[in-house]
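Peer 1: return atomic coordinates for the entry below.
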Amino acid sequence: MKDPSRSSTSPSIISEDVIINGHSHEDDNPFAEYMWMENEEEFNRQANLLLKQFLFFAQIEEELWEEEFIERCFQEMLEEEEEHEWFIPARDLPQTMDQIQDQFNDLVISDSSSLEDLVVKSNLNPNAKEFVPGVKYLNI
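Peer 2: Residues are numbered from 1 along each chain as shown. Sure, this is the predicted structure:
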């Protein structure tokens, strides 16, 4: 049988590869992995600066989205106004007294006999009680 300590399959130990207490001999400073903490304040300052810049740009982006939304709302409102005929006082109201008088004359019933015909041909009961909203009437 072969001696396992003399086996060629076992790795050879070289003095540079020996690690003592988790550190190799090549590391002069055993605290090298913690050296980043030396500049922790600078790192935090830069991180805070980047965070502030990010928040600033996020706020600007949000304001741009709001402006775009408001612009779209105005465009839709203008398109809706163009689709429908809206009452525009400067355009739709008469400008002179003559135009007002003409419109008033169009509204007045010119023939008094036609009023009497309306009353005679009416289906309404002239003896009926006056209607008052919210009051219930009993049929007796």
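
Peer 1: stretch 104-120: end-to-end distance?
Peer 2: End-to-end span of stretch 104-120 (CA to CA, to the nearest Å): 26 Å.

Peer 1: start at 4 instead
Peer 2: Okay, residue one is now 4; in that scheme the one you just asked about reads as stretch 107-123.

Peer 1: mean confidence for that stretch?
Peer 2: In this model, stretch 107-123 carries a mean pLDDT of 68.

Peer 1: try stretch 95-102
Peer 2: Across stretch 95-102, pLDDT averages out at 73.

Peer 1: what's the biggest helix by length in the chain packed up against?
Peer 2: Determined from DSSP state H, the single longest helix within the chain is helix 43-86. Helices and strands touching helix 43-86, by 3 or more CB pairs under 8 Å, 6 or more residues apart in numbering; DSSP states H and E: there are none. Glycine gets a C-beta too; all of them are placed from N, C-alpha and C.

Peer 1: distance from that helix to the middle of the chain?
Peer 2: Relative to the chain's own centre, helix 43-86 is displaced by 12 Å; criterion: CA atoms, centre = their mean, to the nearest Å.

Peer 1: same question, stretch 42-56
Peer 2: 32 Å.

Peer 1: for that stretch, buried residues please.
Peer 2: Neighbour counts over stretch 42-56 (16 or more other CB atoms under 10 Å) mark no residue as buried.

Peer 1: let me see the mean pLDDT of it.
Peer 2: Average pLDDT, stretch 42-56: 90.

Peer 1: residues contacting that stretch, please?
Peer 2: For stretch 42-56, contacts defined as CB atoms under 8 Å, 6 or more residues apart in numbering pick out Trp39.

Peer 1: circling back: next SSE after the longest helix of the chain?
Peer 2: Past helix 43-86, further along toward the C-terminus, the next helix or strand under DSSP states H and E is helix 92-95.

Peer 1: give me the distance between Leu81 and Trp89.
Peer 2: 11 Å (CB to CB, to the nearest Å).

Peer 1: scratch that, Glu74 is what I was asking about
Peer 2: Distance from Glu74 to Trp89, counting by CB to CB: 21 Å.
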